[in-house]
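Colleague: Predicted model and sequence follow; I will ask about them next.
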Amino acid sequence: GKVDIEMQLIYIHVTEINEPQSTAEIFVWLLARWSDPRLAWTPSNDECATQLTVYASIDAEKTEIWVPDIDLFNQIEGVQHMPDAK
């Protein structure tokens with residue numbers, strides 16, 4: 001089935017601009033939010049949870065749930081990320 005993903009790119013600051021090479025290094029946060037209907041349940045009247053938050057990481061070894069593949073176009077180097085925190 002189809003899973004819609006909401007993406008949010010939050011600009012933090014430019015760390016370097018190299019005009020001769022026409023490159024820039026920028027610091028951003030990339031947030032992703034989605035609802036996977038395959039993981040849905042019907043809450044009952046006996047105080048069943050209505051929402052569940054799980055740990056997600058770009059690192060497949062650390063994530064507790066499926067995470068969409070994300071790739072940035074027009075990049076020179078790969079995406080670097082801050083250390084994971086739980």
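Modeller: Arrived safely.

Colleague: Gln20 and Gln75, how far apart?
Modeller: If you look again at residue 20, you'll see it is Pro, not Gln. According to Cβ to Cβ, to the nearest Å, Pro20 and Gln75 sit 19 Å apart. Bear in mind the C-beta positions are built from the backbone N, C-alpha and C, glycine included.

Colleague: of these two, who's got more company?
Modeller: Higher neighbour count among Pro20 and Gln75: Gln75, with 9 against 5, using other Cβ atoms under 10 Å.

Colleague: Next one, pLDDT for that one please.
Modeller: pLDDT recorded at Gln75 is 75.

Colleague: And for Ala49?
Modeller: We have a pLDDT of 77 for Ala49.

Colleague: Leaving out the residues flanking it, which one is nearest to it?
Modeller: In this structure, Ala49 finds its nearest non-sequential neighbour in Pro43, 7.1 Å apart by Cβ to Cβ, 6 or more residues apart in numbering.

Colleague: Next: Ile12.
Modeller: Phe27 (4.2 Å).

Colleague: what about that neighbour, how many residues close to it?
Modeller: If you count neighbours by other Cβ under 10 Å, Phe27 ends up with 12.

Colleague: Just to be sure, Glu38 is in a helix?
Modeller: Not quite, residue 38 is Arg, not Glu. Yes: Arg38 sits within a helix when classified using DSSP: H, G, I helix; E, B strand; the rest coil.

Colleague: residues contacting it?
Modeller: Gly1 (Cβ atoms under 8 Å, 6 or more residues apart in numbering).

Colleague: distance of it from Val3?
Modeller: Remark: distance between Arg38 and Val3 (Cβ to Cβ) = 8 Å.

Colleague: Same question for Glu61.
Modeller: 22 Å.

Colleague: Between the two, point out the one with more neighbours.
Modeller: Just comparing Glu61 and Val3: by other Cβ under 10 Å the higher neighbour count belongs to Val3, 12 against 5.

Colleague: all strands in this structure, in order from the N-terminus.
Modeller: Assigned by DSSP state E, the chain shows strands spanning 5-18, 23-34.
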